Each structure stands twice: as C-alpha cells, then as structure tokens.
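Undergrad: I would like to see how this sequence folds:
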Amino acid sequence: MEWIVTLISELSQLGGVSGDESRVADYIEEKIRDFADDCRRDRLGNLIAFRKGTDSSKKLMLCAHMDEVGLLVSYITDEGLLRFQPVGGIDPRVITGRRVLVGEKQVPGVIGTKAIHIQTPEERKQAPGFDRLYIDIGATSREDAQKAVSLGDCAVFDSDFVTFGDGCIKAKALDNRVGCAVLMESMRMRPHYDTYYVFSVGEEVGLRGAYTSSYDIEPDFAVAIDSTTTADYAGVDERDQGLKLGGGCALFLMESTTYYFKDTLKKVRRIAQENGVRYQMKQIMVGGLDAGGIQRTASGVETASVATPCRYLHSPSCMMKISDILETEKLVAALCQSADLMKRRS
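TA: Now for the predicted structure:
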C-alpha cells in the first residue's frame with residue numbers, strides 16, 4: 001500500500017494538461033522500463049508498453065489516461081494579467097483564488113476576478129465565468145509578463161498531496177494519475193494474455209489517445225482504468241450520489257461515451273467476486289471514459305471500465321479513499337490474470 005500511495009503522490013504533482021503530457025510519460029517510462037518487454041511512444045504521445053503473456057492467442061489492452069484538466073493562456077492584458085481558456089471540464093466556481101503554476105518554468109500565479117465590493121449588483125448574482133477570471137503572476141505590464149510566460153502555455157493547479165482523515169488522500173490530478181499508478185502496478189506480474197499497457201493522452205479533450213492507440217493495437221478485449229465522480233455528501237439525494245467513498249471500485253452499466261454489454265459486465269463482475277473484490281455499480285450515467293474511444297475501434301472491441309470513486313473531480317482538491325484505490329488495483333490484477341476474460345459468453 002505504501003508503494004502505490006507514494007507513486008500516486010509523485011504522479012499527481014507532475015504537470016500534464018491535455019496536449020502537454022510528456023513530463024508524466026517520462027516519469028512513467030522510467031519506472032516501468034524494467035517490467036516491459038517493449039516500450040514506445042506513438043505520434044500523439046501515447047506511451048505503450050508490452051508484456052508477453054502465457055497465452056498469445058489474444059491481445060488485451062489496458063488503458064489509463066495521463067492528462068489532467070488545466071488552463072491554457074490565450075491572451076495577456078496591458079496590465080500583465082493572463083486570460084485563459086479551460087482545457088477539459090472545469091467548473092469556474094471552484095477555481096477563484098486558487099494557486100496555479102504556469103508554463104515549463106512553473107511560474108506561480110493566482111486566479112483572480114473583480115473584487116466583490118466593486119462588482120455590479122448583477123455580477124454579484126452569479127459566480128464569475130471564465131470570461132471574468134484571470135491569472136495574476138505579479139507582472140506590471142504585458143512586456144513584463146511576456147518575460148515569464150507565453151501564449152499557449154498551460155497552467156496546472158498548485159495543490160499539495162495530503163493524506164488525512166480515515167484513509168483519505170487529496171491532490172490535483174487524481175483523475176487520472178491514480179489510474180496510471182494502478183496500471184503501473186499491474187505490470188509487475190506476468191499477464192495471462194499478451195498485454196498492451198497504454199498510458200494515453202488527450203482523454204479530457206475527446207478520448208484522442210484512446211482512439212489512435214486502439215487502432216494501432218487492435219485488441220480483442222480492453223479495460224479502461226480511470227476515476228469517476230461521486231457526490232456522497234450532505235444535501236444530495238441518495239439516488240443522485242452515484243457512488244460512495246469507501247464502497248470499493250466502480251463498474252458501469254453505461255456512461256456518456258460507452259454502453260457496456262451485459263455479457264461483458266457479467267464476466268467482469270464474476271471475476272471480481274471470485275477474487276474478493278469490493279465493487280459498486282455507478283448509478284449516474286454521466287461522464288466519459290477512454291472506453292468510448294476504444295469500443296468503437298475498427299469492427300469493435302469488447303470493452304470494460306474500472307474506476308476509483310472521487311469527490312470534487314476536476315478541481316484542485318480531488319479526494320479519494322486509499323481502500324477504494326486498492327480494490328481497483330486488485331480487480332485490474334485479477335482481470336490481467338484471468339483466462340476467462342476473452343470468453344464470448346459467461
């Protein structure tokens with residue numbers, strides 16, 4: 001347990017906004033090189049590792065995306081303030097006043113907006129949207145700001161990794177550095193089938209890496225490993241909570257990008273039960289995973305997803321329980337070792 005928590009801590013502190021995942025890929029490649037029979041990167045930047053299994057009659061693909069949501073500098077004002085666009089699904093209400101790090105130099109900044117005492121009555125009625133927010137890096141002019149940052153630089157949340165409460169962790173980018181850590185851990189054991197371990201790019205902006213890598217690999221079966229939202233707190237009706245922290249890993253009936261076929265889900269649930277995995281079914285059919293890109297590849301790929309429940313997803317303070325992460329890890333390991341995974345009917 002300590003090893004994977006340390007791994008998640010290190011992964012979560014790396015910057016890797018969609019389209020700028022190379023630092024995460026470099027870190028992962030260094031860690032997994034000794035376990036892989038082959039390791040390469042494709043044109044988009046997907047990191048693809050391979051391990052030969054005991055059975056080479058079928059190909060298994062495991063996929064976890066490396067990218068995180070973030071901000072893209074799109075304009076610099078005369079005063080040296082940075083206007084930006086969101087990369088991925090970010091709620092503007094949760095980022096005002098947050099610290100960020102901008103560009104390769106990791107220039108510190110703060111997300112600001114007009115102070116409330118000078119807002120108009122109409123402005124006070126609603127939280128500021130992205131058009132009313134900016135990043136303040138302490139520059140005094142556009143020229144001053146341009147010495148430190150450039151248009152197109154990405155900004156990530158500056159948020160420490162913290163363990164707290166009853167086995168909880170808090171950090172940025174737990175979506176999906178936790179999935180990356182689980183995938184890395186699964187490489188320690190020899191899989192049953194020849195297995196491709198894909199650390200994908202661009203999931204937060206349209207599952208881009210999942211599409212291209214699955215076309216390349218043409219797997220017989222694929223498992224997307226990700227994080228998924230939960231809202232198990234006060235003021236939310238139980239039917240709208242989706243999942244509960246501490247309830248185990250999550251399986252899906254469907255979500256915004258994928259319909260999971262009954263035979264596949266039945267098979268995955270049976271393998272989970274046989275291996276003593278605690279899991280829960282997600283009850284809210286929103287959000288998208290890399291599975292949506294993989295399933296539609298070529299003539300179609302049998303696809304499943306395993307996710308770790310997360311509060312405050314896509315925010316500077318994602319929150320998970322270590323026990324749920326360990327259940328995700330246990331199920332992914334069981335799927336890797338299962339000879340039954342490729343059976344058409346269960």
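Undergrad: Show me what the helix of greatest length in the chain is packed up against.
TA: Counting by DSSP state H, the longest helix found in the chain is helix 322-337. Taking 3 or more Cβ pairs under 8 Å, 6 or more residues apart in numbering; DSSP states H and E as the contact definition, the neighbouring helices and strands of helix 322-337 are helix 2-12, strand 55-65, helix 174-186, strand 221-229, strand 249-252, helix 262-274, strand 302-310. (Glycine included, C-beta is placed from N, CA and C.)
Undergrad: I'd like the average pLDDT over the third one.
TA: Helix 174-186 carries an average pLDDT of 97.
Undergrad: Which element is encountered next along the chain beyond it?
TA: The first helix or strand that comes after helix 174-186 along the chain, using DSSP states H and E, is strand 193-200.
Undergrad: Quick one: list the elements packing against the next helix or strand after that next one.
TA: Under the assignment DSSP H and E, the closest C-terminal helix or strand after strand 193-200 is helix 208-217. Contacts of helix 208-217 with other secondary structure elements, assessed using 3+ Cβ pairs under 8 Å, 6+ apart, are made with strand 47-51, strand 55-65, strand 193-200, helix 291-295.
Undergrad: wait, which of the ones you listed is closest to K321?
TA: strand 55-65 (18.7 Å; Cβ to Cβ).
Undergrad: Export only the CA atoms of the next helix-or-strand element following the closest one, formatted as CSV.
TA: Sequence-wise, the next helix or strand downstream of strand 55-65 (DSSP H and E) is strand 70-76. Listed next in CSV are the C-alpha coordinates belonging to strand 70-76 (Å, rounded to 0.1, in the frame of the first residue of the first chain):
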residue,chain,number,x,y,z
GLY,A,70,-6.0,22.7,-16.7
LEU,A,71,-5.8,26.1,-18.2
LEU,A,72,-4.4,27.5,-21.5
VAL,A,73,-3.0,31.1,-21.6
SER,A,74,-4.9,32.7,-24.5
TYR,A,75,-4.2,36.5,-24.0
ILE,A,76,-2.1,38.8,-22.0
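Undergrad: which residues touch D160?
TA: If a contact means Cβ atoms under 8 Å, 6 or more residues apart in numbering, then D160 has 13, 171 as its contacts.
Undergrad: if you set the cut-off to 10 Å instead, what comes out?
TA: Residues touching D160, when contacts are defined by Cβ atoms under 10 Å, 6 or more residues apart in numbering, comprise 9, 12-13, 170-172, 316-317.
Undergrad: ok, and the most crowded of those?
TA: Neighbours here mean other Cβ atoms under 10 Å. Within the contacts of D160, the largest count is held by K172, at 26 neighbours.
Undergrad: is it true that that residue touches I90?
TA: No - in this structure, K172 is not within contact of I90 by Cβ atoms under 10 Å, at 11.4 Å.
Undergrad: Identify the contacts common to those two.
TA: The contact lists of K172 and I90 share 69-70, 157, 314-316, where a contact means Cβ under 10 Å, 6+ apart.
Undergrad: how about these, which pair is most distant?
TA: Maximum distance among these (Cβ to Cβ): 11.8 Å, for G70 and S315.
Undergrad: These two - which one has more neighbours?
TA: Taking G70 and S315 together and counting by other Cβ under 10 Å, G70 has the greater number of neighbours (27 against 21).
Undergrad: Against D55, how distant is that one?
TA: Applying Cβ to Cβ, to the nearest Å, the value for G70 to D55 is 41 Å.
Undergrad: pull the helix or strand with minimum mean pLDDT from this structure.
TA: Within the chain, judged by mean pLDDT, DSSP states H and E, the helix or strand with the poorest mean is helix 121-124; its value is a mean of 71.
Undergrad: Report all helices and strands that that helix contacts.
TA: On a contact count with 3 or more Cβ pairs under 10 Å, 6 or more residues apart in numbering; DSSP states H and E, helix 121-124 meets no helix or strand.
Undergrad: Tell me the gap between that helix and the middle of its chain.
TA: Centroid displacement of helix 121-124 relative to its chain, using Cα atoms, centre = their mean, to the nearest Å, is 35 Å.
Undergrad: Report the buried residues of that helix.
TA: Applying a neighbour-count criterion of 16 or more other Cβ atoms under 10 Å, helix 121-124 contains no buried positions.
Undergrad: what's the answer for stretch 178-189, then?
TA: In terms of neighbour count (16+ other Cβ under 10 Å), stretch 178-189 has its buried residues at 178-187.
Undergrad: Next up, the contacts around L133.
TA: Shown in contact with L133 (Cβ under 10 Å, 6+ apart): 71, 81-84, 86, 92, 95-96, 111-114, 127.
Undergrad: in what helix or strand does D232 lie?
TA: Using DSSP H and E, no element contains D232; it sits outside every helix and strand.
Undergrad: And it, how far from D26?
TA: D232 sits at a distance of 36 Å from D26 (criterion: Cβ to Cβ).
Undergrad: and the buried residues of stretch 178-189 as CSV, adding distance to E204?
TA: What follows is these, written out as CSV (distance: Cβ to Cβ, whole Å):
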residue, distance to E204
V178, 15
G179, 13
C180, 14
A181, 18
V182, 18
L183, 17
M184, 20
E185, 23
S186, 22
M187, 24
